[in-house]
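In: make a model of this:
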Amino acid sequence: MGKYWLKAVCMLGGMLALASIPARGEIVVGVVTSQTGAVSSLGIPYARGIAAGHAYIGEVGGEKLRYVLLDDTSDPSVASKAARKLIEEEKVDVLIGTAGAPGTAAIITVATEQHVPTIAYTPVKSVPKVDGVPWAISVPQPPSLMVGVVVEEMHRRGIKRVGFVGFSDAWGDLVYNNLKATGEPLGMTVVTNERYARADTTVTGQVLKVVAARPDGFLGGGSGTGGALPYIALAERGYKGPIFGTPAIINPDFVRLTGKAAEGLIASTGPITVVEQLPDGHPNKTIGLAFKDVHLKATGVPSTDGFSAYAFDSWLLLADAAKRALPKAKPRTQEFRAAMREAIYSTKEVVGTHGIYNYTPASHLGTDKRALVLVRLEHGKWKLLK
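Out: Predicted coordinates:
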């Protein structure tokens, strides 16, 4: 980790130095992510995924791609300021970011006001519009699908009563609301709706209520390291029922922290998590293996999470859109920003590590059920559930 931080600091310093030099003949990308703070366990992999994307595609249509990365310290207000700085001072053509739903909503609000296309690598329920025009898309699988396929698995296993503990923010709301929306028509009842802050260090009170409710199964609505707390607390209270999760906990820090407490956990995730286990001919296997290779070369560490791959897919979508926008306008102009927005929203069948992407002006969500598989945590490793 120390070696990576040194590399990240050096890389960031170099980028900021370059940012002060007026440049032509290049597309400039502003990246906001959480290198420090409560959601840095997600933000650091996101930054690595961007580095891998840039190493994989560094030029489009004769124009170099350059990115400037800013740390939002896991604070939505800082994320908003970072987005404004990148737009107004760095004159970026497009924004990508950030870790955490609240911060992502903050940068999308700023970017939409400024008419700058934005690619979010965190799930967002909706995006604002200016004069009826949206300026942002979301790369991750829609929460309705993330949760829906898990609920289907719960139903298949005969689970009727579900306990829930999640973040007290937009992400927790997304998981809980979709759990109810998909579970209740199948005859399932959510028996608890307990919440906690991302920075909390204990959820004892919330978990005691779950145990008292005697659920048939449990679904967590957290992410990253913070998402580990309910599973650890459940194991400490002797809970033996089946446990479930979403792609938000597909993270090596989560696995390390939970240890045996999360053994047998079933979660939905993108195909990249188990890319080596996918059958030959699977549409995401070739690009997934290529991502693993370039990630190792670009960052010096292997990719063992789903978050870096979301950022990598964001870069693929950026490059695909730039290729189609360049004939219409020159980079570093408002005309190019508009052309990029139009190109992003006309994306067709772009194959990434997590899914196959299609966007239209009617939807900021680009994936379907092809973008999800079910995995089980066995002895600290994610195994494809067949």
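In: the stretch 1-150 of the chain: strands as residue ranges?
Out: When assigned using DSSP state E, counting those that start in this stretch, the strands of the stretch 1-150 of the chain occupy the ranges 26-33, 59-60, 63-71, 94-97, 118-120, 129-130, 133-134, 136-138.
In: all helices of the stretch 251-386 of the chain, in order?
Out: Assigned by DSSP state H, counting those that start in this stretch, the helices in the stretch 251-386 of the chain fall at 252-258, 285-299, 307-325, 334-344.
In: then the stretch 101-250 of the chain?
Out: 101-113, 143-156, 170-183, 204-213, 229-236.
In: most tightly packed of those helices?
Out: Most buried of the helices of the stretch 101-250 of the chain, by mean neighbour count (mean count of other Cβ atoms under 10 Å): helix 101-113, with a mean of 24. For glycine as for every other residue, the C-beta is placed from the backbone atoms N, C-alpha and C.
In: turn the helices of the stretch 101-250 of the chain into a markdown table, columns for distance to Asp75 and mean pLDDT.
Out: Below are those laid out as a markdown table (distance: least, Cβ to Cβ, whole Å; pLDDT from 0 to 100):
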| stretch | distance to Asp75 | mean pLDDT |
| --- | --- | --- |
| helix 101-113 | 7 | 95 |
| helix 143-156 | 23 | 95 |
| helix 170-183 | 15 | 95 |
| helix 204-213 | 24 | 97 |
| helix 229-236 | 21 | 97 |
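In: to Thr269, which of the ones you listed lies closest?
Out: helix 143-156 (8.6 Å; Cβ to Cβ).
In: using PDB, list the CA coordinates for that closest one.
Out: Presented in PDB, the C-alpha positions along helix 143-156 are these (Å, rounded to 0.1, in the frame of the first residue of the first chain):
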ATOM      1  CA  PRO A 143     -29.600  -1.000  -8.000                       C
ATOM      2  CA  SER A 144     -33.000  -2.500  -9.100                       C
ATOM      3  CA  LEU A 145     -31.000  -5.300 -10.900                       C
ATOM      4  CA  MET A 146     -28.200  -5.500  -8.300                       C
ATOM      5  CA  VAL A 147     -30.800  -6.200  -5.600                       C
ATOM      6  CA  GLY A 148     -33.400  -7.900  -7.800                       C
ATOM      7  CA  VAL A 149     -31.200 -10.900  -8.700                       C
ATOM      8  CA  VAL A 150     -30.300 -11.400  -5.100                       C
ATOM      9  CA  VAL A 151     -34.000 -11.300  -4.100                       C
ATOM     10  CA  GLU A 152     -34.700 -13.900  -6.700                       C
ATOM     11  CA  GLU A 153     -32.100 -16.100  -5.200                       C
ATOM     12  CA  MET A 154     -33.500 -15.500  -1.700                       C
ATOM     13  CA  HIS A 155     -37.000 -16.500  -3.000                       C
ATOM     14  CA  ARG A 156     -35.600 -19.600  -4.700                       C
END
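In: circling back: looking at the helices of the stretch 101-250 of the chain, which is nearest to Ile250?
Out: Closest of these to Ile250 is helix 143-156, at 10.7 Å (criterion: Cβ to Cβ).
In: so what does that closest one touch, helix or strand wise?
Out: In terms of contacts (3 or more Cβ pairs under 8 Å, 6 or more residues apart in numbering; DSSP states H and E), helix 143-156 is packed against helix 170-183, strand 217-221, strand 243-245, strand 266-269, strand 373-378.
In: one step back: can you put the helices of the stretch 251-386 of the chain in TSV and add distance to Gly132?
Out: TSV is the format used below for those (distance: least, Cβ to Cβ, whole Å):
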stretch	distance to Gly132
helix 252-258	40
helix 285-299	34
helix 307-325	20
helix 334-344	13
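In: ranking the ones you listed by burial, who's on top?
Out: Comparing those by mean neighbour count (mean count of other Cβ under 10 Å), helix 307-325 ranks first with a mean of 26.
In: can you give me the angle it makes with strand 26-33?
Out: Calculated by axes from the mean of the first three to the mean of the last three Cα atoms, to 10 degrees, helix 307-325 forms an angle of 150 degrees with strand 26-33.
In: so how far is helix 307-325 off the chain centroid?
Out: 13 Å (Cα atoms, centre = their mean, to the nearest Å).
In: alpha carbons of that helix, as CSV, please.
Out: Presented in CSV, the C-alpha positions along helix 307-325 are these (Å, rounded to 0.1, in the frame of the first residue of the first chain):
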residue,chain,number,x,y,z
PHE,A,307,-14.7,-0.9,-8.3
SER,A,308,-11.5,-0.5,-10.4
ALA,A,309,-13.3,-2.2,-13.2
TYR,A,310,-16.2,0.3,-13.1
ALA,A,311,-13.7,3.1,-13.5
PHE,A,312,-12.0,1.2,-16.4
ASP,A,313,-15.4,0.8,-18.1
SER,A,314,-16.0,4.5,-17.6
TRP,A,315,-12.8,5.1,-19.6
LEU,A,316,-13.9,2.7,-22.3
LEU,A,317,-17.2,4.6,-22.6
LEU,A,318,-15.4,7.9,-22.7
ALA,A,319,-13.0,6.7,-25.5
ASP,A,320,-15.9,5.3,-27.5
ALA,A,321,-17.8,8.6,-27.3
ALA,A,322,-14.8,10.7,-28.1
LYS,A,323,-14.2,8.8,-31.3
ARG,A,324,-17.7,9.7,-32.4
ALA,A,325,-17.6,13.3,-31.1
